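> What would the 3D arrangement of this be:
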Amino acid sequence: MLFGSSRGCSRCRLVDRQSGTLWPTAFDGQAACPHYGSRLSMKPSNGIALLVCLSLIGCQGLNLRPSKFQFPRLPEWKSKLRSQSPDKQDNEFETTIQVPMVGDYTTVAGLNLINLQGIGLVTRLDGTGSDPPPSSFRTRLLAEMRRHGVTNPNEVLRSPSTALVVIQAYLPPLVRRGDQFDIEVRVPGVDKTTSLNGGWLMATELSEHAVVPGRGPLKGHIYAKAKGPILISTGEGDRGLKAGVLRRGRVLGGGISTKDRNLALYLRNDFRSVRNSKRIADRIGTRFSDYDRYGLKRPLAEAKTDQKIELIVPLRYKDNYPRYLEVIRSIAFRETDVAQRVRMQKLKQQLIVPEMSERASLRLEAIGLPAVPILRTGLNSSSLEVRFQAAMALTYLNESDGLKVLAETARVEPSFRVFALAAMAASDDAESNMLLRELLNERSAETRYGAWRALTTMERHDPLVHDQGISDEFQFHVLDTDGEPMIHLTNRKKAEIVLFGKDQRFHTPITVRAGTHVLVNAPQGSDTLIVSRHDVGSDQRKIVSARIADVIRAAAELGATYPDIAQMLSQADRQHNIPGGIQVDAVPQSGRTYYRPTDGNEPQSASGRKTRVGRAGLAPNLFASRRGKQNRNSSKSAQKFGESNPDAGVASHADVREDSSDDLNWTEDEPRKWYDFFRDWEWPLVGKQIEPVLEDE
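This is a model prediction of the structure:
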């Protein structure tokens, strides 16, 4: 067919349309006409149309064969990778138990603490403040005050009731918007402020800070806000040493996060690809999922890039994310149904061996509901360790069969206590609530308060854990328990007072202070106490019973803060005005030594093989603390309080059987434990005090 001619023989066109013959084209852009022997003119645009037509028809229609062309050969390893189908790869693990795990190809990100800093103004000081000297701190604070519309900010800073402070905090992993965390404040440099006692930190912002070589400290994004009453040490001692202590303090739960922090998995560089990232996310999402607000099921893992997988921690693991991460790492990356059944039978044999029970229970927990019957068999073992590991895995699988075993373990074995209580807190079953209530009557202080902490996370609307509502600054609870009377105070995470025993009474005579303005006194033999507040130009007075709960309520009504009431109770304890004792942060600890008996029916003894359970300073985040290794020597404090047994009501003491040496019987040949992933990871605030790096110092 001849295309594109602007003039010529219509007969040729007709014949061409019928025959489909393409007439040869002359080199001068004209085509020959067979009927008239004339040459028809062809425009350049018509030649382009012809080339387009040729490209559409193709070479095969014209019987034109291109010359043979050899494509360059791919590298041998790529050729094999492209030719290997996914089904063929899966068949390699059809009947083997040595399947690759997610943890073999990934690392975890998002576990670091973010260093936050800021400048704040403390008010309500009783003449112990000062006018801060010229510095960048003062300049920043003045700019912040003007930004919030404060009139005459220099006059405010000159008042002896105010002080400038430097704020430092560490934003923990997995924090959500609105979550609270502790902050620390201190008077900088040569500032003449003598004490922060009774002070209140005004609202301020905390931002990320980092030291860049050559540029010094730089300010980053704003992550939190801070405010609240300042808690300082009220201990007695050398006046010079105490002067330094009074210039620094802590605001419990004073930091409020303004951002969410999530966890993420990163694929190894030699394994990264879109396909592998998607497959791992699918494996995790199959095991862990929930429902969105529309009732649609959603996986809790999403592949963001060829290397990054973002994780959402399930609610059941929110108070023990270290275990969640190790369960994630124990999920099989590639495994058929036949291979899974074969592997489960092998894990069933390993579960009943105490040395292997922890790893076996974790891998069975990673499999999910199909592993429940095997885990139930572990509850019948004569070994406490095997029963405990099986019970903990069952509880995280939302099965209630192991709750009684966990309660028994928390009662009798200090090394497993922190993990048993955290697992019970993750249960939705009513039996767990009842068992935790029974543990409130135990003799051990950390067992009692650990059970209480677990109860507060299970059901906040439970009347037992409902706050008395006497102050917005701290929580106050009075428990009707049958055990020995005890008062518990917190020095971390949140301001809280818990009375174990509702009828505790002060012994008289008594004279104690709650801060600088509230006084509590009573003569010998009196059944009532006088709680009074003295200010310039006004006095307030309340007469209440000798019940400790009534005195605390009266002091709070007269304006006493949590640090004031903590000071009052500490003074009363030193004067022996309290029937029981005061415990501070009596939370169970991880990293204790467990002496594994040689036989399941024999009692524990030094002759059994010892093993470290968890790691000091890295407990489930429900009981996380920053004290770390310094707890190893806390048994000395037990003797100071007149107790030689760490379970006899002394707060946060490590097991007296624990060896202070780091050289335990752990080797690389031993089965990997779930906490070994964090074995070489140090918390920034464990065992040492980190000072902020600021430009003025």
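
> Please parse this protein into its domains.
10-62, 102-110+262-329, 114-257 (automatic domain parsing).

> so which of those comes closest to Lys493?
domain 114-257 (6.3 Å; Cβ to Cβ). (Each C-beta comes from the backbone N, C-alpha and C, glycine too.)

> Poorly predicted segments of this structure, please.
Residue ranges of the chain with pLDDT under 70: 1-97, 234-244, 599-608, 617, 625-697.

> Near Asn320, how many residues? Count them for me, please.
As a burial measure, the neighbour count of Asn320 was computed by other Cβ atoms under 10 Å and equals 24.

> what sits against it?
When contacts are counted by Cβ atoms under 8 Å, 6 or more residues apart in numbering, Asn320 touches 419, 422-423, 426, 620-622.

> List the buried residues of stretch 123-143.
Within stretch 123-143, the residues that qualify as buried by neighbour count (16 or more other Cβ atoms under 10 Å) are 124-125, 128-132, 135, 137-138, 141-142.

> With stretch 257-269 instead?
The neighbour-count criterion (16+ other Cβ under 10 Å) identifies 257, 261, 263-267 as the buried residues of stretch 257-269.

> end-to-end on it?
Distance between the boundary residues of stretch 257-269 (Cα to Cα, to the nearest Å) amounts to 33 Å.

> can I get the domains of the chain in CSV with distance to Gln345?
Converted to CSV, the domains of the chain look like this (distance: least, Cβ to Cβ, whole Å):
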stretch, distance to Gln345
domain 10-62, 59
domain 102-110+262-329, 20
domain 114-257, 36
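
> For Ile565, which of these is the nearest?
Closest approach to Ile565 among those is made by domain 114-257 (10.4 Å; Cβ to Cβ).

> distance between that closest one and the chain's centre?
The offset between the C-alpha centroid of domain 114-257 and the centroid of the whole chain comes to 25 Å, using Cα atoms, centre = their mean, to the nearest Å.

> Check stretch 369-389 too.
For stretch 369-389, the separation from the chain centroid amounts to 28 Å (computed by Cα atoms, centre = their mean).

> Tell me, how many residues neighbour Tyr294?
Around Tyr294 there are 6 other residues, counting by other Cβ under 10 Å.

> Leu436 and Thr457 touch, don't they?
No. The pair Leu436 and Thr457 fails to qualify as a contact (Cβ atoms under 8 Å) at a distance of 10.4 Å.

> and of the buried residues of stretch 257-269, the nearest to Gly483?
Distance to Gly483, by Cβ to Cβ, is smallest for Ser257 among those, at 36.1 Å.

> Next, work out how far apart the closest one and Ser538 are.
When Cβ to Cβ, to the nearest Å is applied, the distance between Ser257 and Ser538 equals 39 Å.

> Of Leu436 and Thr457, which one has the most company?
Neighbours per residue, other Cβ under 10 Å: of Leu436 and Thr457, the larger number sits with Leu436, 25 against 14.

> Contacts only, for the more buried one.
Counting by Cβ under 8 Å, 6+ apart, Leu436 touches 407, 421, 424-425, 451, 454-455, 458.

> Now for the residues you listed: which two are most distant?
Of all pairs drawn from the contacts of Leu436, the one with the largest separation by Cβ to Cβ is Ala407 and Met458; the distance is 13.9 Å.

> Settle it for me: which of those two has more neighbours?
The residue with the greater number of neighbours, taking Ala407 and Met458 and applying other Cβ under 10 Å, is Ala407; the counts read 22 against 19.
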